[in-house]
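Visitor: Any chance you can model this:
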Amino acid sequence: MNTTASASEQTVAQFPIESIVLGRSYRRELGDLTDLTTSIQTLGLLCPIVVTVDNVLISGRRRLEVMRQLGHTTVPVWVAAEVSDKLRTLLAIQDDNLLRKDLTPTEKAALYAEYKTLLAEENARRQAATRFGAPPLPGTDDTAEPDMDGEVRETMIVGSRQSGEGGGWESQPPSKRKSRVQAAQAVTGRDSSQQLEQVLALQRLATSDDEDERVRQAAAEAVVEINTDGKVHGRFHEVMALRGVCWVEKTAVNETATPAVREAAAEELEALLMIDRPVERSRAATSAVNRIRKLALTPAPVAVDGEESASAEEVRGRYHSRRLVDILQKAEGWWEINDAALVGQYATAEQWEAITSHREKATAFLDAAAHARASAPLKATG
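Guide: Numbers count the residues shown, from 1 in each chain. Okay, here's the model as predicted:
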């Protein structure tokens, strides 16, 4: 029987366990299989394992091992037919460096995206199997892979630092985070998912008709440069910072926006252009865009009988207050994580000058604000 041929003709089939090839992604210890074994003995295999048309295992190593230990000679298999030749080769290779050294960052990102899609599809099938079948026992679906090292587990729990694109890791459901981590490990041997997502984001920006021409060009140039030296993080934030600046710049002259929104955008733009470091500017741009959008979505106050509607100055005042609080919240707790005595003893003259200058300017600002608040207390309400 030609197993590979039959695999391409059906979605799920019974495969001989011995015919399934373990690729390079499955070399780690499998951990304690007791719970998973109990689950499969009680409920059966709720979701097939996943292989390529060449019988190379994509996902389900622990389930496969339990089936083998239980004496099964065949196992239900879902065949992922739409897999590129390069990804099949990557999965089958035993030497981590044999293929990876020939892949550019964009090629890695393309394989990562393909693998991530396959894993996401399997996760969806697995969830459907448990939703419409019997309740899973602990360990049924490999949700907490015991072969995952501490660094990867921590990444899945708390999420990575801001990537600058959308909601970020911390807003992703666990199944999606797991698919990203697994896909990245399969392609690069480590959890490089954040970096690979940044490459994919740059590629999307470079070809999106919805983006400013400056952003598209900068993203395209960044992709070319990344393939030359492999440096992603800084270039990603440079492009994201430019994207934010372009958006704020256009909003500042958008005649359909309210005067308050245009003025706020102009002020934000001036502040952004004073930030030199790409990562800081990128994050500041994200915050600025969020504040401006919030202001644009805030309904204009409606005057009640006997009351005056909010003046332009009051709208600006509320916006400035919100912006300042956003900045302060990001620095919240700095006095707790820094040792005052050590800073006092070991700060350089330049560092000490920066610290004392900040205090003097902050004190002057607060004094002026307190004076204005005391002079016109009613404007601070609402």
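Visitor: how about the helices in the stretch 201-350 of the chain?
Guide: Counting by DSSP state H, counting those that start in this stretch, one finds helices in the stretch 201-350 of the chain at the ranges 213-229, 233-252, 259-272, 278-297, 312-330, 334-337, 340-346, 349-375.
Visitor: how far does the fourth one sit from the chain's center?
Guide: The one in question is helix 278-297. The chain centroid and the centroid of helix 278-297 are separated by 18 Å under C-alpha atoms, centre = their mean, to the nearest Å.
Visitor: got the angle for it vs helix 233-252?
Guide: Following axes from the mean of the first three to the mean of the last three C-alpha atoms, to 10 degrees, one obtains 30 degrees for the angle between helix 278-297 and helix 233-252.
Visitor: And the average pLDDT for helix 278-297 is what?
Guide: For helix 278-297, the mean pLDDT works out to 91.
Visitor: which of the residues in it are buried?
Guide: 278-279, 281-289, 291-292, 295 (16 or more other C-beta atoms under 10 Å). Just so you know, the C-beta spots here come from the backbone N, C-alpha and C atoms, and that holds for glycine as well.
Visitor: By mean pLDDT, flag the weakest helix or strand of the chain.
Guide: Ranked by mean pLDDT, DSSP states H and E, the weakest helix or strand in the chain is helix 150-158, scoring a mean of 29.
Visitor: send the alpha carbons of whatever helix or strand comes next after that one over as PDB?
Guide: Next in sequence after helix 150-158, counting helices and strands by DSSP states H and E, comes helix 174-188. Taking Å, rounded to 0.1, in the frame of the first residue of the first chain, the C-alpha atoms of helix 174-188 are listed here in PDB:
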ATOM      1  CA  PRO A 174      -3.300  31.000  24.700                       C
ATOM      2  CA  SER A 175      -3.900  28.800  21.700                       C
ATOM      3  CA  LYS A 176      -2.600  31.500  19.300                       C
ATOM      4  CA  ARG A 177       0.400  32.200  21.400                       C
ATOM      5  CA  LYS A 178       1.200  28.500  21.600                       C
ATOM      6  CA  SER A 179       0.900  28.200  17.800                       C
ATOM      7  CA  ARG A 180       3.300  31.200  17.300                       C
ATOM      8  CA  VAL A 181       5.900  29.800  19.800                       C
ATOM      9  CA  GLN A 182       5.800  26.300  18.200                       C
ATOM     10  CA  ALA A 183       6.000  27.600  14.700                       C
ATOM     11  CA  ALA A 184       9.000  29.800  15.600                       C
ATOM     12  CA  GLN A 185      10.800  26.900  17.300                       C
ATOM     13  CA  ALA A 186      10.200  24.700  14.300                       C
ATOM     14  CA  VAL A 187      11.700  27.200  11.900                       C
ATOM     15  CA  THR A 188      14.600  28.800  14.000                       C
END
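Visitor: average pLDDT for helix 174-188?
Guide: On average, helix 174-188 scores 78.
Visitor: same question, stretch 241-251
Guide: Stretch 241-251 comes out at a mean pLDDT of 95.
Visitor: swap in stretch 118-136?
Guide: Here the average pLDDT along stretch 118-136 is 64.
Visitor: just checking, residue 296 touches residue 261?
Guide: Yes. Contact criterion C-beta atoms under 8 Å: residue 296 and residue 261 qualify, at 4.9 Å.
Visitor: Identify each buried residue in stretch 58-75, please.
Guide: For stretch 58-75, by 16+ other C-beta under 10 Å, it's 58-67, 72, 75.
Visitor: From those, which land in strands?
Guide: 58-59, 75 (DSSP state E).
Visitor: Take the helices of the stretch 201-350 of the chain and lay them out in a markdown table including distance to residue 116.
Guide: Listed next are the helices of the stretch 201-350 of the chain as a markdown table, based on distance: least, C-beta to C-beta, whole Å:
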| stretch | distance to residue 116 |
| --- | --- |
| helix 213-229 | 19 |
| helix 233-252 | 18 |
| helix 259-272 | 33 |
| helix 278-297 | 24 |
| helix 312-330 | 31 |
| helix 334-337 | 35 |
| helix 340-346 | 44 |
| helix 349-375 | 44 |
